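Student: sequence first, then the predicted structure:
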Amino acid sequence: MSRDVQYQIRPYLAQPYQSALKVLDCCNTEHPMTVEAIAQHTQLSQSSVRQVLKVLQAVELVTPDMISVREWRSQSLCK
């Protein structure tokens, strides 16, 4: 789904879906962010970010190279 469409439908989505899209917006291979940085940017807790990342990884929307390697390895998503 294109980012334009995501932004158009985002206000109508339930909160978990909105949170997932916020986190997904922070994930890219060119400028990987730490879990802490994503949490600050999205105004979610680090625990919530880890949970969302775990789900996004399970459905193959996020890969470890989209997140700061140091943070990905040092802070398990299962916490």
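Tutor: Noted; the coordinates are in hand.
Student: grab the nearest non-local neighbour of residue 42.
Tutor: In space, and not counting its chain neighbours, residue 42 is closest to residue 22: 4.2 Å by C-beta to C-beta, 6 or more residues apart in numbering. Heads up, the C-betas are built off the backbone N, CA and C, glycines and all.
Student: which helices and strands does the helix or strand that contains the one you found pack with?
Tutor: Using DSSP states H and E, residue 22 maps to helix 15-25. Judged by 3 or more C-beta pairs under 8 Å, 6 or more residues apart in numbering; DSSP states H and E, the packing partners of helix 15-25 are helix 35-42, helix 46-58.
Student: of all those helices, which one is nearest residue 65?
Tutor: Closest to residue 65 of the helices and strands packed on helix 15-25 is helix 46-58 (C-beta to C-beta; 11.4 Å).
Student: now do the closest one against helix 35-42, angle only.
Tutor: For helix 46-58 against helix 35-42, the angle by axes from the mean of the first three to the mean of the last three C-alpha atoms, to 10 degrees is 100 degrees.
Student: between helix 46-58 and helix 15-25, how many degrees?
Tutor: Going by the same axes, to 10 degrees, helix 46-58 makes 80 degrees with helix 15-25.
Student: quick revisit: would JSON lines of the helices and strands packed on helix 15-25 with mean neighbour count, distance to residue 27 and mean pLDDT be doable?
Tutor: Formatted as JSON lines, these follow (neighbours: other C-beta atoms under 10 Å; distance: least, C-beta to C-beta, whole Å; pLDDT from 0 to 100):
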{"stretch": "helix 35-42", "mean neighbour count": "18", "distance to residue 27": "8", "mean pLDDT": "94"}
{"stretch": "helix 46-58", "mean neighbour count": "18", "distance to residue 27": "7", "mean pLDDT": "91"}
